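Q: I would like the atomic coordinates for the input below:
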Amino acid sequence: MSEPLIRLRGVTKQFGEGEAAFRALKGVDLDIAAGDFMAVMGPSGSGKSTTMNILGCLDVPSSGAYLFRDHHVEHLGRDQRALLRRRYLGFVFQGFNLLARTSALENVELPLLYRGEDKRRRHEMAMVALEKVGLVPWARHTPAELSGGQQQRVAIARAIVTHPDVLLADEPTGNLDSERSVEIMELLTDLNRTSGITVLMVTHEPEMAAYARTIVHFRDGLVESIERKPA
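A: Numbers count the residues shown, from 1 in each chain. Take a look at the predicted model:
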């Protein structure tokens, strides 16, 4: 793996003011290498989700530095952060977040629509993404016609269709049974290895975290420990 793609230095996050203030992050330092598969773990309130929101440009730190490719993200305005999300980040959520009345293909095309790609280009790119997750035969099916595992595969195809540098997955197996969970984790592992995409995953499940090469444990708003598997 190369030099860190992402660096957090002394990142804090405070919600509220005065006596009601809550410090969710208390000075997080973290390096994320390009091409890594990182699992983020910790009890509720440990700061892992707040950190992921900052990494995904969905929130900003109260203080400290967030560097993406050596650019200071904490100084960017809302529109600039949105542009960074659109160009470099993909998101997968526990609840799939698919549009119920549109096909798998149309769901996957959605980020390309926001980017202004023409219809033919959207279709071609979406079909390639669906092929990567093994769902081309189900391209015309709506979410209601798909299993939970298939819906999450559509969500992953939507996340990777723009060829992001980083895939942020928030409890991607949280709504799936054990067999489907293994399928999704094997898919994420394969995408990480074959496409070189950096995967950042929040999970409560040690069995799912075991697929990652790096496991970061949060506690009380700080990084408590980091485990790295031998290369």
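Q: what does the model give the residue most central in space within the chain for pLDDT?
A: By CA atoms, centre = their mean, the chain has its centre lying nearest to residue 168, at 0.7 Å. Here the pLDDT value assigned to residue 168 is 97.
Q: then residue 22?
A: In this model, residue 22 carries a pLDDT of 92.
Q: spatially, what comes nearest to it if we skip its sequence neighbours?
A: Excluding its sequence neighbours, the residue lying closest to residue 22 (CB to CB, 6 or more residues apart in numbering) is residue 15, at 4.9 Å. For the C-beta atoms, the positions are set from N, CA and C on the backbone; glycine is no exception.
Q: residues contacting that neighbour?
A: By CB atoms under 8 Å, 6 or more residues apart in numbering, residue 15 lies in contact with 21-22, 24.
Q: between these, which is nearest residue 188?
A: For the contacts of residue 15, the minimum distance to residue 188 (CB to CB) is 26.5 Å, reached by residue 24.
Q: quick check: that closest one touching residue 42?
A: No: the pair residue 24 and residue 42 fails to qualify as a contact (CB atoms under 8 Å) at a distance of 11.7 Å.
Q: the longest helix in the chain is where?
A: Across the chain, the longest stretch assigned as helix under DSSP state H is helix 178-195.
Q: could you give me the buried positions within that one?
A: For helix 178-195, the neighbour count (16 or more other CB atoms under 10 Å) marks 180-185, 187-188, 191-192 as buried.
Q: now do the strands in the protein.
A: In the chain, strands defined by DSSP state E lie at 4-15, 22-33, 37-41, 63-68, 71-72, 89-93, 166-170, 198-202, 214-219, 222-228, listed in chain order.
Q: with distance to residue 99 added, can I get those in JSON lines?
A: Shown next, in JSON lines, are these (distance: least, CB to CB, whole Å):
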{"stretch": "strand 4-15", "distance to residue 99": "30"}
{"stretch": "strand 22-33", "distance to residue 99": "31"}
{"stretch": "strand 37-41", "distance to residue 99": "28"}
{"stretch": "strand 63-68", "distance to residue 99": "29"}
{"stretch": "strand 71-72", "distance to residue 99": "32"}
{"stretch": "strand 89-93", "distance to residue 99": "13"}
{"stretch": "strand 166-170", "distance to residue 99": "19"}
{"stretch": "strand 198-202", "distance to residue 99": "24"}
{"stretch": "strand 214-219", "distance to residue 99": "32"}
{"stretch": "strand 222-228", "distance to residue 99": "36"}
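Q: for residue 153, which of the ones you listed is the nearest?
A: strand 89-93 (10.0 Å).
Q: by contact count, what packs against the closest one?
A: helix 148-160, strand 166-170 (3 or more CB pairs under 8 Å, 6 or more residues apart in numbering; DSSP states H and E).
Q: hmm, who's touching the last one?
A: Outside strand 166-170, the residues within contact range by CB under 8 Å, 6+ apart are 5-6, 49, 52, 55-56, 88-94, 156, 159-160, 188, 191, 197-202.
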